[in-house]
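[1] the sequence and its predicted three-dimensional model are supplied below.
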Amino acid sequence: MFGFAGVQTPVERGGGLPLGRRVLAEFLGTALLVTVVVGSGIAAQQLSPADVGLQFFENTTATVFGLAVIILVFGPISGAHLNPVVSVADWFEGRRRGSGPSGFELTGYVSGQVLGGVAGAMLANSMFDQAPWQISTRDRVTGGHLIGEMVATAGLIAVVSGLAGRNRSLVAATVAAYIGSACWFTSSGSFANPAATVGRMFSDSFAGIAPLSGLGFIAAQLLGAALGAAVMTLLRPDRR
């Protein structure tokens with residue numbers, strides 16, 4: 001299944017708005033994203049209990065549309081990263097160009113995203129009359145799945161980097177389209193987001209992931225993000 005990467009061009013982080021407001025936007029945006037992912041997964045499981053392929057289609061369709069809307073809503077405030085690897089890539093790029101978020105801002109963004117991911121899973125569980133606090137038992141780790149997560153995350157970082165400075169509506173549509181595609185062409189379902197992965201550990205549903213599997217996915221996501229950043233640095237020497 002998927003996960004969702006968050007999103008926005010690295011240079012659009014909300015301008016001069018107070019950091020607290022931007023961190024709150026990242027918390028709310030990531031919480032809503034995970035609510036969409038987990039909630040649509042639970043709904044799909046209830047609506048189509050005998051057809052896993054249809055469940056996956058329902059889950060991915062709802063998530064792609066939800067992701068695009070969330071980017072458009074929170075982009076002007078925080079940049080709508082919604083994803084620690086996107087924030088880290090923004091920070092890394094900023095170190096080379098003499099701008100971008102500081103280490104303190106990065107810590108705030110990542111903290112807000114991770115807490116938002118957990119809150120979003122709990123909200124989705126509650127909406128469907130399930131226990132808010134759950135631990136997933138869905139083991140997803142195989143060698144192929146880890147490679148899939150590396151590919152999905154590397155592709156996400158390449159897409160976000162390539163869209164730097166573009167119109168926000170174009171970013172929303174393009175990132176959502178990439179995530180929707182990666183959900184289907186990668187073996188892992190394209191979680192590609194450490195914060196969403198942590199959140200999904202707290203829902204024992206179609207969208208959940210067991211903690212040990214989640215840690216493996218996060219390690220693969222970090223490696224994939226580094227690979228994506230390195231490839232774009234090589235392809236875009238003008239941005240060094």
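    Looks like it arrived, so ask away.

[2] rest of the way, CA atoms for contacts and neighbours
    Noted.

[3] by average pLDDT, which secondary structure element in the protein comes out worst?
    helix 84-97 (a mean of 85; mean pLDDT, DSSP states H and E).

[4] could you give me the buried positions within the helix or strand that Val69 is a member of?
    Val69 is part of helix 52-78, with elements assigned from DSSP states H and E. The neighbour-count check on helix 52-78 (16 or more other CA atoms under 10 Å) flags 55-60, 62-78 as buried.

[5] stretch 89-100 too?
    So, applying 16+ other CA under 10 Å, buried residues of stretch 89-100: 89-94, 100.

[6] between those, which is nearest Ala207?
    Ala89 (26.2 Å; CA to CA).

[7] circling back to that earlier point, in terms of secondary structure, what does the helix holding Val69 contact?
    Secondary-structure packing of helix 52-78 (3 or more CA pairs under 8 Å, 6 or more residues apart in numbering; DSSP states H and E): helix 19-47, helix 168-185.

[8] only the buried residues of the shortest one, if you could.
    To tie it back to what came earlier, the one meant is helix 168-185. Those would be 168, 171-184, for helix 168-185 by 16+ other CA under 10 Å.

[9] greatest separation within these: which pair is it?
    Farthest pair in the buried residues of helix 168-185, by CA to CA: Arg168 and Trp184, 24.8 Å.

[10] tally of neighbours for Tyr109?
    27 (other CA atoms under 10 Å).

[11] surely Ala68 and Arg168 touch.
    No - the criterion here is CA atoms under 8 Å, and Ala68 misses it with Arg168 at 10.2 Å.

[12] identify the residues contacting Asn125.
    38-39, 131-133, 203 (CA atoms under 8 Å, 6 or more residues apart in numbering).

[13] try 6 Å
    Neighbouring residues of Asn125 by CA atoms under 6 Å, 6 or more residues apart in numbering: Pro132.

[14] state the helix or strand in which it lies.
    Judged by DSSP H and E, Asn125 forms part of helix 103-127.

[15] quick one: the residue sitting furthest away from the middle of the chain from Leu227, how far?
    In the chain, the residue that sits farthest from the middle, by CA atoms, centre = their mean, is Ala50; the gap is 28.1 Å. Distance, Ala50 to Leu227, by CA to CA, to the nearest Å: 38 Å.

[16] Gly66 too?
    Applying CA to CA to Gly66 and Leu227 gives a distance of 27 Å.

[17] so where is the chain shaky, pLDDT-wise?
    Within the chain, the stretches with pLDDT under 70 are 1-15, 96-98, 237-240.

[18] follow-up on the earlier one: the least confident helix or strand of the chain to helix 103-127, inter-axis angle?
    Helix 84-97 and helix 103-127 are oriented at 170 degrees to each other (axes from the mean of the first three to the mean of the last three CA atoms, to 10 degrees).

[19] hey, C-alpha coordinates of helix 84-97 in CSV?
    Extracted in CSV, the C-alpha atoms of helix 84-97 (Å, rounded to 0.1, in the frame of the first residue of the first chain):
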residue,chain,number,x,y,z
PRO,A,84,10.4,14.5,6.9
VAL,A,85,12.5,13.5,3.9
VAL,A,86,11.1,16.4,1.9
SER,A,87,12.0,18.8,4.8
VAL,A,88,15.5,17.3,5.1
ALA,A,89,16.0,17.7,1.3
ASP,A,90,14.9,21.3,1.6
TRP,A,91,17.3,21.8,4.5
PHE,A,92,20.2,20.1,2.6
GLU,A,93,19.5,22.2,-0.6
GLY,A,94,19.5,25.3,1.6
ARG,A,95,22.9,24.6,3.0
ARG,A,96,24.3,24.6,-0.6
ARG,A,97,22.5,27.8,-1.8
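
[20] which strands and helices lie in contact with that helix?
    Helices and strands touching helix 84-97, by 3 or more CA pairs under 6 Å, 6 or more residues apart in numbering; DSSP states H and E: there are none.
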